[in-house]
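Asks: sequence plus predicted model, see below.
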Amino acid sequence: MAHSILIVEDDITFGTMLQGWLKRNGYEATLCSKVKAAQVLLKNNQSDLVLTDLRLPDGDGIMLLHWIRDQKMFLPVMVMTSYGEVQSAVAAIKLGAEDYLEKPINPSALKAKIEQTLSVKPAIVQKKKPEYVVKKNVVMGKSSSAKLLYDYILRVAPTKMSVLILGESGTGKEYAAKMIHDNSSRRNKPFVAVDCGSLSKELAPSELFGHLKGAFTSAVSDKTGVFEQADGGTVFLDEVGNLSYDVQVQLLRALQEQMIRPVGSAKDIKVDVRILAATNENLETAITEGRFREDLYYRLNEFSVFVPPLRERKEDIPLFVEEFLQQANEELERNVKGFSPEAFRLLEKHTWSGNLRELRNMIRRAVLFASSDVITENDFPAFTPVAEAENMALYPENEREQIETVLRKARGNKTLAAKLLKIDRKTLYNKMHLYGIKL
């Protein structure tokens with residue numbers, strides 16, 4: 001029996017053409033032009049899929065999506081949109097839409113997406129609740145913001161969409177990326193993470209795409225790049241905003257064509273990788289300032305996930321503390337049982353500007369210096385609200401001055417400045433962004 005598809009489109013010419021194309025490809029297709037008309041048809045007729053335009057005369061596709069979900073109709077919805085409305089389509093995805101199609105619609109892409117969507121429909125009809133694949137040492141929070149994060153991850157993981165993971169430094173963006181990979185069909189293929197902040201303009205093409213022996217002075221042998229290493233799997237580009245403009249051009253080509261060319265080679269290599277990218281920088285600002293390509297941004301940001309800072313999910317702190325305590329005991333060969341009430345109150349009151357990374361490091365230090373099997377407030381040196389305020393007021397001022405001085409001495413060479421400061425390039429870029437330092 002042919003699948004039934006409802007088209008909701010107010011451009012009658014386009015809608016009729018789409019309806020005819022669907023019928024020629026073996027589907028039953030019904031066309032209407034308004035939200036209310038779609039609601040009536042969905043109440044009275046069985047549909048397997050809804051293709052809806054984003055903008056409609058009496059509402060929009062998101063309104064229709066809300067109504068479908070409120071009616072407990074377990075059928076997939078795909079949103080059709082123009083280029084300028086991609087962000088609204090992404091919002092629809094977050095509300096439960098299966099996918100979006102950018103106009104003008106490519107028939108082969110439409111056919112592939114419909115087939116993929118309808119192939120998983122039985123699982124939706126049976127109302128089976130998907131289970132997360134969660135690897136060891138990944139803590140599942142219970143706060144509302146954590147649950148929303150995991151819901152987004154579960155929705156986007158099975159798709160082929162590129163995902164931009166946003167969040168402050170130390171929030172666990174790589175954990176989110178790994179969870180997306182682990183819940184995708186690529187889970188048995190490689191997951192390769194790249195620290196873009198540590199890649200220089202000269203070495204980034206070689207690291208990402210590989211090189212041939214003799215391609216440049218230090219190329220003493222062939223090198224397989226990250227994209228080729230991850231073929232069939234996932235590449236995670238951490239702090240993608242730190243890539244140079246020239247490398248962004250090469251990355252865009254790799255995303256668009258799924259082809260790479262090693263440095264020094266005259267031949268392209270076909271690769272199949274999914275891209276997950278992360279940043280704690282506002283890339284839209286970077287686009288305005290001419291530091292990041294707008295076309296690459298939209299390629300990376302087919303779907304976005306925000307990892308909340310720890311201060312906005314403090315009810316999850318006990319879970320993280322328990323996990324980090326266990327890790328620290330194993331690593332340091334200690335047997336610390338827990339925390340005194342006073343010590344735990346300090347953990348709950350702290351601002352955690354460094355997020356999970358700061359919490360993990362704090363727990364490790366406390367376990368190392370604990371004088372008994374229970375950590376007390378005395379095991380947290382200089383960790384009182386007063387000391388914290390005084391230290392934080394002085395520290396940024398001194399650190400900014402030090403960074404500016406070293407950058408002047410290095411004549412703007414960030415690689416050299418990072419070496420002089422004994423930090424990596426990624427950390428230097430992050431601190432420059434934090435203090436508003438521009439060259």
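Replies: Looks like it came in fine.

Asks: endpoints of stretch 194-202, how far apart?
Replies: Using CA to CA, to the nearest Å, the end-to-end distance of stretch 194-202 comes out at 16 Å.

Asks: cool, stretch 97-117 as well?
Replies: 11 Å.

Asks: give the buried residues for that stretch.
Replies: Within stretch 97-117, the residues that count as buried by 16 or more other CB atoms under 10 Å are 97-102, 105, 110, 113-114, 117. In short, each C-beta sits where N, CA and C put it, glycine included.

Asks: and for stretch 313-324?
Replies: By 16+ other CB under 10 Å, the buried positions in stretch 313-324 come out as 313, 316-317, 319-321, 323-324.

Asks: show me how the chain divides into domains.
Replies: Domains of the chain are assigned by automatic domain parsing as 4-125, 144-306, 310-383, 386-435.

Asks: give me whichever of the ones you listed is most buried.
Replies: Comparing the domains of the chain on average neighbours per residue, with mean count of other CB atoms under 10 Å, the densest one is domain 144-306 at a mean of 18.

Asks: return the distance of stretch 5-24 from the chain's centre.
Replies: Relative to the centre of its chain, stretch 5-24 is centred 34 Å away, using CA atoms, centre = their mean, to the nearest Å.

Asks: isn't there a helix covering Glu330?
Replies: Yes. Secondary structure of Glu330 (DSSP: H, G, I helix; E, B strand; the rest coil): part of a helix.

Asks: any idea how far Leu75 is from the closest residue to Met259 other than its chain neighbours?
Replies: Of all residues not flanking Met259 in the chain, Asp268 sits nearest, at 4.4 Å (CB to CB, 6 or more residues apart in numbering). Distance, Asp268 to Leu75, by CB to CB, to the nearest Å: 41 Å.

Asks: do the same with Glu330
Replies: Distance, Glu330 to Leu75, using CB to CB: 48 Å.

Asks: kindly indicate which of the buried residues of stretch 97-117 lies nearest Leu6.
Replies: Sorting the buried residues of stretch 97-117 by distance to Leu6 puts Ile114 at the head of the list, at 12.5 Å, by CB to CB.

Asks: so which strand or helix has the closest one?
Replies: Assessed by DSSP states H and E, Ile114 sits inside helix 107-119.

Asks: ok, back up a step: format the domains of the chain as CSV; extra columns: mean pLDDT.
Replies: Listed next are the domains of the chain as CSV, based on pLDDT from 0 to 100:
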stretch, mean pLDDT
domain 4-125, 81
domain 144-306, 90
domain 310-383, 88
domain 386-435, 70
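
Asks: which one of the buried residues of stretch 97-117 is nearest Asn280?
Replies: Checking the buried residues of stretch 97-117 against Asn280 by CB to CB gives Tyr100 as the nearest, at 26.5 Å.

Asks: what helix or strand is that closest one located in?
Replies: Per DSSP H and E: Tyr100 is located in strand 99-102.

Asks: packing partners of that strand?
Replies: In terms of contacts (3 or more CB pairs under 8 Å, 6 or more residues apart in numbering; DSSP states H and E), strand 99-102 is packed against strand 77-81, helix 86-94, helix 107-119.

Asks: CA atoms of that strand as CSV?
Replies: The C-alpha trace of strand 99-102 is given here as CSV (Å, rounded to 0.1, in the frame of the first residue of the first chain):
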residue,chain,number,x,y,z
ASP,A,99,13.9,17.4,8.9
TYR,A,100,13.8,20.5,6.7
LEU,A,101,14.1,21.0,3.0
GLU,A,102,15.6,24.2,1.6
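
Asks: okay, now the sheet partners of it, with direction.
Replies: Partners of strand 99-102 in the sheet, by DSSP bridges, are strand 77-81 (parallel).

Asks: can you map out the helices along the stretch 301-439 of the chain?
Replies: 317-332, 341-349, 355-369, 385-409, 414-421, 425-435 (DSSP state H, counting those that start in this stretch).

Asks: which one of those lies closest to Ala177?
Replies: Here helix 355-369 is closest among these (CB to CB), at 14.3 Å.

Asks: centre of the chain to the closest one, how far?
Replies: Relative to the centre of its chain, helix 355-369 is centred 26 Å away, using CA atoms, centre = their mean.

Asks: check stretch 51-63 too.
Replies: From the chain centre to the centre of stretch 51-63 is a distance of 27 Å (CA atoms, centre = their mean).

Asks: how long is it end to end?
Replies: Terminal residues of stretch 51-63 lie 14 Å apart, using CA to CA.

Asks: OK, contacts around the closest residue in space to Leu407 that isn't next to it in sequence?
Replies: Leaving aside its sequence neighbours, Leu407 sits nearest to Ala417 (CB to CB, 6+ apart; 5.0 Å). Residues near Ala417 by CB atoms under 8 Å, 6 or more residues apart in numbering: 403, 406-407, 409-410, 428.

Asks: same check, this time on Thr171
Replies: For Thr171, the contact set (CB under 8 Å, 6+ apart) comprises 307-310, 355-356.

Asks: do that again at 7 Å, thanks
Replies: Contact analysis of Thr171 by CB atoms under 7 Å, 6 or more residues apart in numbering lists 307, 309, 355-356.

Asks: which SS state does it fall under?
Replies: At Thr171 the chain is in coil, as set by three-state DSSP.

Asks: from Glu302, how far off is it?
Replies: For Thr171, the distance to Glu302 (CB to CB) stands at 21 Å.

Asks: ok, now Ile317?
Replies: Taking CB to CB, one finds Ile317 at 33 Å from Glu302.

Asks: likewise for Asp151?
Replies: According to CB to CB, Asp151 stands 18 Å off from Glu302.

Asks: one more: Gly241?
Replies: Plainly put, Gly241 is 17 Å away from Glu302 if you go by CB to CB.

Asks: any idea what the residue nearest to Val8 when sequence neighbours are not counted is bridged to?
Replies: In space, and not counting its chain neighbours, Val8 is closest to Thr52: 4.0 Å by CB to CB, 6+ apart. Residues in a beta bridge with Thr52, per DSSP bridges, are Val8, Val79.

Asks: looks like Thr52 contacts Ile62 (just checking).
Replies: No. Contact criterion CB atoms under 7 Å: Thr52 and Ile62 do not qualify, at 9.1 Å.
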